[in-house]
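K.L.:
Just the structure for this:
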Amino acid sequence: MLFELLSRWSGAAPPSTPPAACFESGAERAVLDVLLCSLEKQLVAPFGADYENNLDMARSEICAKSGYSPETHGLD
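P.N.:
Model prediction:
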């Protein structure tokens, strides 16, 4: 889940990086980029054929356990 979020934030296509107001300094963005690079080197699952299915199941399970709606986006 974290890998997916960081990958989306690092991409050029919307939705890309959160607005600058979300960060107190460029160092925070740099840390997220380093974390993503570390995950890319260690994870195998994001590159598997069943990744999208596993991601959907993980999202559903996390939402069920946390009480968040799958349709909830951002902090309301």
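
K.L.:
Which pLDDT does the model give Thr72?
P.N.:
For Thr72, the pLDDT comes out at 67.

K.L.:
And Ala45, how close does it get to Thr17?
P.N.:
24 Å (CB to CB, to the nearest Å). Bear in mind the C-beta positions are built from the backbone N, C-alpha and C, glycine included.

K.L.:
what about these two, which has more around it?
P.N.:
Thr17 (15 against 11; other CB atoms under 10 Å).

K.L.:
Under a three-state scheme, what state does the more buried one occupy?
P.N.:
coil (DSSP: H, G, I helix; E, B strand; the rest coil).

K.L.:
swap in Glu71?
P.N.:
coil.

K.L.:
Tell me who's in contact with it.
P.N.:
By CB atoms under 8 Å, 6 or more residues apart in numbering, no residues touch Glu71.

K.L.:
measure it to Ser60 for me?
P.N.:
Note on Glu71: its distance to Ser60, by CB to CB, is 12 Å.

K.L.:
what's the burial count for Phe23?
P.N.:
By other CB under 10 Å, the residues close to Phe23 number 15.

K.L.:
can I assume it is in contact with Arg29?
P.N.:
Yes: in this structure, Phe23 is within contact of Arg29 by CB atoms under 8 Å, at 5.6 Å.
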